[in-house]
Every structure is written in structure tokens, then in C-alpha cells.
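S.K.: Quick one, structure for this:
(one chain, ligands or ions: 2)
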Amino acid sequence: MRILITNIGELTTNDPAPAVGEPDRSVGATGDRCGTRHDAAVLIEGDRIAWVGAAADADGVVERAKRDETSHADELTVVDAAGRAVIPGFVDSHSHLVFGGDRAAEFEARMQGQKYAAGGIRSTVAATRAASDDELRARLRGFLDEMLAQGTTTVEIKSGYGLDVATEERLVRLAAEVTPEVTFLGAHVVPAEYADRGDDYVDLVTGEMLDACAPHAKWIDVFCETGAFTVPQSRRVLEAGIARGLQPRVHASQLGPGEGVQLAVDLGAASIDHGTYLTDDDVTALAGSDTVLTLLPGVEFSTRQPYPDARRLIDAGVTVAIACDTNPGSSFTSSMPFCIAVAVRDMRMTVAEAIHAATAGGAAALRRTDIGRIAPGMRADLVLLKSPSRVHLAYRPGVPLVDAVWKDGVRAV
Ligand code: NIG
Ligand code: FE
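M.R.: Ligands and ions are numbered 1, 2, ... in the order given. Below is the predicted model:
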């Protein structure tokens with residue numbers, strides 16, 4: 001099966017290398033790394049990108065394919081993008097999609113002045129423990145459908161609303177049914193039955209709970225924050241996960257400054273997420289590391305916290321990602337376009353930086369080299385917008401601008 005998407009007015013490849021004989025248009029007016037091409041075409045073969053080039057060359061590529069006896073040119077589907085924009089599918093590298101109930105009343109109270117606190121997680125734990133696998137699965141699939149419709153083709157999913165061995169195992173198992181990017185977050189908060197016995201709970205997380213969950217997970221995560229886990233406790237959790245073959249990522253500096261960023265960098269974490277309150281030392285440590293800083297604009301929006309200054313991070317050389325952090329407490333949006341718009345408006349990112357962070361940045365935060373770019377050999381995960389340029393994603397906030405989505409070369413929307 002081959003698909004040719006042609007007459008693309010603006011193609012965001014995130015691939016700065018120009019094709020042989022082509023002018024280098026990779027650096028746009030904003031000095032972006034989006035590898036922007038105009039009047040472009042993309043050929044998909046199976047689940048991969050086969051060719052990227054000028055629309056004017058597309059006919060020749062198709063003709064060559066027809067002459068190639070091993071090809072199946074008769075199965076070619078041509079999609080006319082009619083001058084509109086194509087971008088890589090969004091890589092949403094941080095979400096909590098397996099849970100029961102919601103916390104609309106908590107959100108409403110917060111909008112009337114109440115402060116967000118980590119302890120709210122416990123009310124979702126009760127609803128999650130009470131939900132059946134089928135209820136959780138149906139909810140999860142509903143969230144994935146709404147994400148796909150908004151252009152998200154890869155999603156990372158965390159556990160963390162079970163906080164007992166049986167329920168945490170259910171959550172990672174259900175997440176693993178729909179994504180390879182599964183994160184064990186048994187250390188989300190200390191559950192009520194372990195009140196004042198945080199170290200005992202860490203024993204459970206690093207022992208029996210890890211044994212049950214590790215087979216379903218790729219990542220180990222911890223909420224390193226006042227009201228959740230201390231730095232020594234967080235280190236224990238991450239090191240236990242690493243010893244079981246999981247890779248570390250960390251929630252930190254969400255509610256105030258702390259040492260979670262340093263811990264993440266020390267352990268070579270793929271990402272530290274939130275970073276609402278970063279010190280200069282945090283920024284320096286991140287800039288000299290392979291750890292991505294994952295910004296979660298929906299959290300500051302929904303908790304009325306100050307936005308981190310992405311400009312300061314990018315200018316210092318930190319690699320940033322943008323993710324939704326879809327969860328019933330701090331950020332119940334599943335819309336990457338919404339998060340991009342907020343990042344541009346309130347975190348001082350350029351549109352090009354925000355799109356890059358929501359695609360290639362997310363891929364870096366998941367240490368994936370097969371997604372987040374539109375280049376030969378990459379997975380064919382693409383989004384055709386209704387607009388002539390990616391700028392509209394921030395310029396027209398709240399407007400559904402996704403026209404079509406291909407995931408692994410299959411038209412999904
Ligand atoms: O990423 N920070 C910790 N965990 C979630 C919030 C979970 C909740 O409030 O239910 C987050 O923001
Ligand atoms: Fe989170």
C-alpha cells in the first residue's frame with residue numbers, strides 16, 4: 001500500500017537535512033528547526049515514510065515506482081493537500097489516562113480561589129480501585145480517540161491511581177494494551193492507608209508492586225515533591241526501577257523548587273516533567289544533560305500557577321517537549337493544539353519551537369528515534385491540517401484544525 005500526499009503548502013519535517021540537489025529551507029524566518037518545505041510531497045510505503053520532496057518531483061517518483069517490478073504502484077492512493085499544512089503526528093509524552101471518576105468539583109473550587117495540592121490524587125484512587133477493567137478500558141479508549149482526532153499519534157501512559165499492588169498491576173496492564181510507552185508510577189502519592197508511613201510505602205513500591213508492574217512497563221516515574229516523595233525516597237524508587245530494566249523519568253518542581261531536577265539529571269532520566277519552579281542551577285544542569293524538560297501548559301492553566309519561562313530554557317540550550325498531562329486533577333485537556341497555543345501565548349515560545357517540542361521534543365522525551373519527524377525511514381505518522389500553515393494552531397486556539405491523521409501509514413482520522 002502506497003499513499004502519496006501532494007500539493008502540501010507547508011510541510012514541517014523536523015528534518016534539517018535538505019535532500020540532495022534541493023535548496024536548504026530548513027531554517028525559517030524564526031531560525032526554527034522545523035525543516036520546513038513548501039510545495040512538497042510525501043510518499044508513504046507500508047508503515048513508513050519512503051520519500052519526501054518537491055511536489056513537482058512527485059510524478060517522477062511515482063513513475064519510477066511503477067517501473068519497479070517489486071512495487072505495487074497500482075495500489076497508490078493520491079491525497080491532494082490543496083496547499084494546506086502537514087506536520088508530524090503529535091507525541092504526547094506525559095499522560096495519566098487510566099482512572100475512574102473525575103474531579104470537576106475540585107476544579108470549580110480552584111477557579112474560585114482554592115489551591116491545587118498533591119493530596120487530591122487520593123480521591124481519584126478510590127474511584128479507580130472501584131472501577132472494573134472494562135470500565136477503565138472503555139474510558140481509556142475514549143481518551144485515545146479524542147487525542148487521535150486532535151492529531152496525537154503516540155501517547156505515553158502512566159499508572160498511579162491504584163497505589164496498591166493489584167490495582168497498579170491492572171493500570172499498567174491496561175495501558176500496555178494500547179501503547180508501548182507505559183510508565184509505572186506507583187510512587188505518585190502515599191496512599192491513605194500508609195499515612196505517616198511513607199518509607200513503608202516505598203518498600204512496597206520497590207518490592208512487590210515493582211515485581212507485579214515491571215513486566216508491563218518501559219518507564220519508572222516518581223512524584224518528587226513536597227506532599228508526595230522526598231528526594232531520598234524518589235532515588236530509591238528510581239534506582240529500584242532501573243535495576244529491573246525500567247528507564248527513569250521524574251515529576252518534579254511542580255509546586256515549588258526542589259532537588260528533583262538534579263536527581264533526574266544524576267540518574268540520566270529521559271525527562272523531568274513540569275519544571276514550573278526551576279532554579280538557575282536546574283537550568284544549567286539540564287542544559288548540559290540528555291534529560292528533556294517536558295513542559296505541561298495545561299497544568300499551569302488549570303491550576304492557576306505561574307507559567308515557566310520556556311524562552312529562558314531554550315535560550316540556555318535545554319531540550320524541551322510539550323505534553324498534555326491529561327489527568328482528572330491538574331490538567332484535564334487531551335488537546336496538544338491547545339497546549340501549543342498556551343505555550344506560545346504564555347511561555348514565550350515561537351510557534352515553530354512549540355510544534356517542534358510537541359513532536360520531535362516528545363520523541364526525545366521518550367528516547368524514540370522512529371517518530372517525531374517526517375523523513376525517509378520514519379514511521380508514517382502525519383497530520384494534515386485544515387489551515388495553510390502550522391501557525392494557525394496557536395493563532396486559532398480552540399478551533400478543530402485537524403483534517404486527516406495517518407498513524408503507521410494507515411488513515412486513522
Ligand atoms: O502530573 N503531579 C502529579 N501528578 C499529576 C496530577 C495528578 C492529580 O492531581 O490527580 C500531574 O500533574
Ligand atoms: Fe503527571
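
S.K.: surely residue 330 meets residue 305?
M.R.: No. Counting by Cβ atoms under 8 Å, residue 330 stays clear of residue 305, with 9.1 Å between them. For every residue, glycine as well, the C-beta is placed using N, CA and C.

S.K.: any residues in contact with both of those two?
M.R.: Taking Cβ atoms under 8 Å, 6 or more residues apart in numbering as the contact criterion, the common neighbours of residue 330 and residue 305 are 116, 299.

S.K.: Who has more neighbours out of these two?
M.R.: Under the criterion of other Cβ atoms under 10 Å, the comparison of residue 330 against residue 305 puts residue 330 first, with 27 against 17.

S.K.: can you tell me the helix or strand for the closest residue to ligand 1 within the chain?
M.R.: Residue nearest to ligand 1 within the chain: residue 329 (2.1 Å; Cβ to the nearest ligand atom). Using DSSP states H and E, residue 329 sits in no helix or strand.

S.K.: right, and it touches residue 103 too?
M.R.: Yes. Here residue 329 reaches residue 103: they are 5.5 Å apart, a contact under Cβ under 8 Å.

S.K.: any common contacting residues for the two?
M.R.: Overlap between the contact sets of residue 329 and residue 103, as judged by Cβ under 8 Å, 6+ apart, is given by 120, 124.

S.K.: The two: which is more packed in?
M.R.: residue 329 (25 against 20).

S.K.: Just give me the neighbour total for the residue lying closest to the more buried one once chain neighbours are set aside.
M.R.: The shortest distance from residue 329 to any residue that is not its chain neighbour, by Cβ to Cβ, 6 or more residues apart in numbering, is 4.9 Å, and that residue is residue 120. Applying other Cβ under 10 Å, we find 17 other residues in the vicinity of residue 120.

S.K.: now residue 120, what's its secondary structure?
M.R.: The three-state label for residue 120, taken from DSSP: H, G, I helix; E, B strand; the rest coil, comes out as helix.

S.K.: For it, give me its contacts.
M.R.: 103, 106, 329 are the contacts of residue 120 under Cβ under 8 Å, 6+ apart.

S.K.: would you list those in TSV and tack on pLDDT and distance to residue 359?
M.R.: Below are the contacts of residue 120 laid out as TSV (pLDDT from 0 to 100; distance: Cβ to Cβ, whole Å):
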residue	pLDDT	distance to residue 359
103	97	30
106	96	32
329	97	26
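
S.K.: Show me which residues of the chain are close to ligand 1?
M.R.: The chain comes close to ligand 1 at residues 120-121, 124, 223, 251, 254, 299, 325, 327-330, as judged by Cβ under 6 Å from any ligand atom.

S.K.: quick one: which of the residues you listed is nearest residue 379?
M.R.: residue 325 (23.6 Å; Cβ to Cβ).

S.K.: if you go through the stretch 251-400 of the chain in chain order, where are the strands?
M.R.: Read by DSSP state E, counting those that start in this stretch, the stretch 251-400 of the chain holds these strands, from start to end of the chain: 271-274, 292-295, 320-322, 382-385.

S.K.: Please state the offset of the third one from the chain centre?
M.R.: Spelled out, that is strand 320-322. Centroid separation for strand 320-322 versus its chain: 8 Å, with Cα atoms, centre = their mean, to the nearest Å.

S.K.: How about residues contacting it?
M.R.: In this structure, residues lying in contact with strand 320-322 by Cβ under 8 Å, 6+ apart are 91, 93, 271, 292-297, 310, 313-314, 336, 339-340, 343, 349, 353-354, 357-358, 361-362, 364-365.

S.K.: surely residue 316 meets residue 285?
M.R.: No. Assessed by Cβ under 8 Å, residue 316 is found out of contact with residue 285, at 10.4 Å.

S.K.: Just list the residues touching the residue of the chain closest to ligand 1, thanks.
M.R.: By Cβ under 8 Å, 6+ apart, the contact list for residue 329 reads 103, 106, 116, 120-121, 124.

S.K.: what's the answer for residue 252, then?
M.R.: If you count contacts by Cβ under 8 Å, 6+ apart, residue 252 has them with 223-225, 258, 260-261, 263-264, 272-275.

S.K.: For it, name its beta-bridge partners.
M.R.: Here residue 252 sits in beta bridges with residue 224, residue 274, as judged by DSSP bridges.

S.K.: gap between it and residue 150?
M.R.: Counting by Cβ to Cβ, to the nearest Å, the gap between residue 252 and residue 150 amounts to 27 Å.

S.K.: Equivalent analysis for residue 389, please.
M.R.: Remark: distance between residue 389 and residue 150 (Cβ to Cβ) = 18 Å.

S.K.: the more surrounded of those two?
M.R.: The neighbour count for residue 389 versus residue 150, taken as other Cβ under 10 Å, is higher for residue 150 (22 against 17).

S.K.: out of everything not next to it in sequence, what's closest to the more buried one?
M.R.: Nearest-residue entry for residue 150: residue 335, 5.1 Å, with adjacent residues in sequence omitted and distances by Cβ to Cβ, 6+ apart.

S.K.: what are the phi and psi angles of that neighbour?
M.R.: For residue 335, the backbone dihedrals are phi -100, psi 110 (criterion: degrees, to the nearest 10).

S.K.: Same question for residue 39.
M.R.: Comment: the main-chain dihedrals of residue 39 come out as phi 50, psi 60, following degrees, to the nearest 10.
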